[in-house]
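Participant: fold the following and give me the result.
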Amino acid sequence: MDPFSALFAAILQTTGDSVYEHTKELYGTDVRAEVVSYQGRSISFQYQLWQIKQASVCADQRDQLAEFSACTVSARNFFAEACRYLQKNRGSGWKYDKYKNMYCSAAVSFKPTIASIQSAGENGPLQAARKECNNLIVATSAKATPDLLAERDRACRRYEELKNAR
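Facilitator: As a prediction, this is how the structure comes out:
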């Protein structure tokens, strides 16, 4: 290949690569991963086609329910705050609009996982009656004597009365 053809081919290749990369970025065809720090919490998510992939939000914490729940609540707040900030502080360029639309869309559509873990300890007479009824149901399934059946029926009636009185 002569030097002029080689130079022309290199220019075409560089221009073609540049156009391809710009188009890929403009439409957001690649999956992108982000980790942001918000209010002392690390929030991870992925986006593609300038839309946040809902299932990816805080996915790295999914195996720890309490942490995952707190992370998704923080993520919802982050998306809303990012949206407000981008709406108030008008930027320029196509990327600004893409990010603003992405975060504002997530602020509206993302639903966090809300979970709380509490002790299953005794909380009053209703729970105590329920426990007694359940224990007697188990006991009568192993050994059903007339006295035990009568005791079970009394305990379960008491539980139902307390439950209905609520």
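
Participant: rounded mean pLDDT for the helix or strand encompassing residue 139, please.
Facilitator: For residue 139, the host element (DSSP states H and E) is helix 125-142. Per-region confidence: helix 125-142 scores 86 on mean pLDDT.

Participant: so what's the gap between that helix and the chain middle?
Facilitator: 37 Å (Cα atoms, centre = their mean, to the nearest Å).

Participant: so which elements touch that helix?
Facilitator: For helix 125-142, the packing partners by 3 or more Cβ pairs under 8 Å, 6 or more residues apart in numbering; DSSP states H and E come out as helix 146-165. (Glycine included, C-beta is placed from N, CA and C.)

Participant: now the helix it packs on, how far from the centre of its chain.
Facilitator: The mean C-alpha position of helix 146-165 is separated from the chain mean by 42 Å, Cα atoms, centre = their mean.

Participant: angle of that helix against helix 125-142?
Facilitator: Taking axes from the mean of the first three to the mean of the last three Cα atoms, to 10 degrees, helix 146-165 and helix 125-142 form an angle of 150 degrees between their directions.

Participant: quick one: buried residues of helix 146-165?
Facilitator: Buried positions in helix 146-165, judged by neighbour count with 16 or more other Cβ atoms under 10 Å: 152, 155-156, 158-159, 162.
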